[in-house]
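> Would you be able to build a 3D model of this:
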Amino acid sequence: MLSIAVQHHPSRLLPEALRRYEVVTDPDPDGQPSAIRCYLECLRRTPPEATHRLVLQDDVELARDFDARAAAAVAELPGDVIAFFVPKFALHGKWMREAHEVGKRWCALPSSANWAPAVATCWPVELVGDFLDYATAHVARRRARGLHTTGDDPVIGAWKRARSRTIWATVPSLVQHPDVGYSLVKLRDYNGQNLARRAAVFADD
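Sure thing, here's the model as predicted:
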């Protein structure tokens, strides 16, 4: 069973289309902003009957028939982490565009990359516990050095490198990131005009 959660901060508007899923609110909304804190909480709350846990950020737009298409993708690669969003910037966007141009349905995000897009990622439950342990220790090590961990993308990337895992992205992306509103990672408001932060290739375009 595919279980879907939305990582939500109460300061941000939650789109109506996302309210049908489990909404997980930041466990410390008044604390230092941290996307990874709520991301991990979404994974901790994975229902015992679930086979996969999909975490969506609270500002995404979903492609048509998203639930069915996401479930079909998970059934095709049941043992891998799947990214349903890849942005235009950096090598990730280049890999996605190249895969789309030649008609591929999947794009590999190699373990060598130092981050992984966290806007819409799906985890097999057998990997959830390992990532939670790794991420918790990662955040604690940084805290011991006086560093605060804000982003979720680099933590997933660090786990991916440590475990030599390839994350697979659907081609095209089934999720769009309008990038409008307050960013907990960048600590600033966005107006959606930075097109590099939107999907490299979106299914509904």
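> Skip the chain neighbours and tell me the closest residue to residue 176.
residue 61 (4.3 Å; CB to CB, 6 or more residues apart in numbering). C-beta: built from backbone N, CA, C; applies to glycine.
> Was I right to think that neighbour contacts residue 173?
No. Taking contacts as CB atoms under 8 Å, residue 61 lies outside contact range of residue 173: 10.6 Å.
> Show me the common contact partners of those two, please.
Counting by CB atoms under 8 Å, 6 or more residues apart in numbering, residue 61 and residue 173 have no common neighbour.
> tell me the phi and psi of the residue nearest to residue 176?
When quoted as degrees, to the nearest 10, the phi and psi of residue 61 stand at phi -110, psi 140.
> Show the contacting residues for it.
Residues in contact with residue 61 (CB under 8 Å, 6+ apart) are 15, 17, 175-178.
> Buried ones only from those residues, please, as a ChimeraX command.
Selection of buried members from the contacts of residue 61 for ChimeraX, criterion 16 or more other CB atoms under 10 Å:
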select :175,176,177
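> re the thing from before, now do the residue nearest to residue 176 against residue 84, distance only.
Applying CB to CB, to the nearest Å, the value for residue 61 to residue 84 is 12 Å.
> overlap in contacts of those two?
By CB under 8 Å, 6+ apart, residue 61 and residue 84 have these common neighbours: residue 175.
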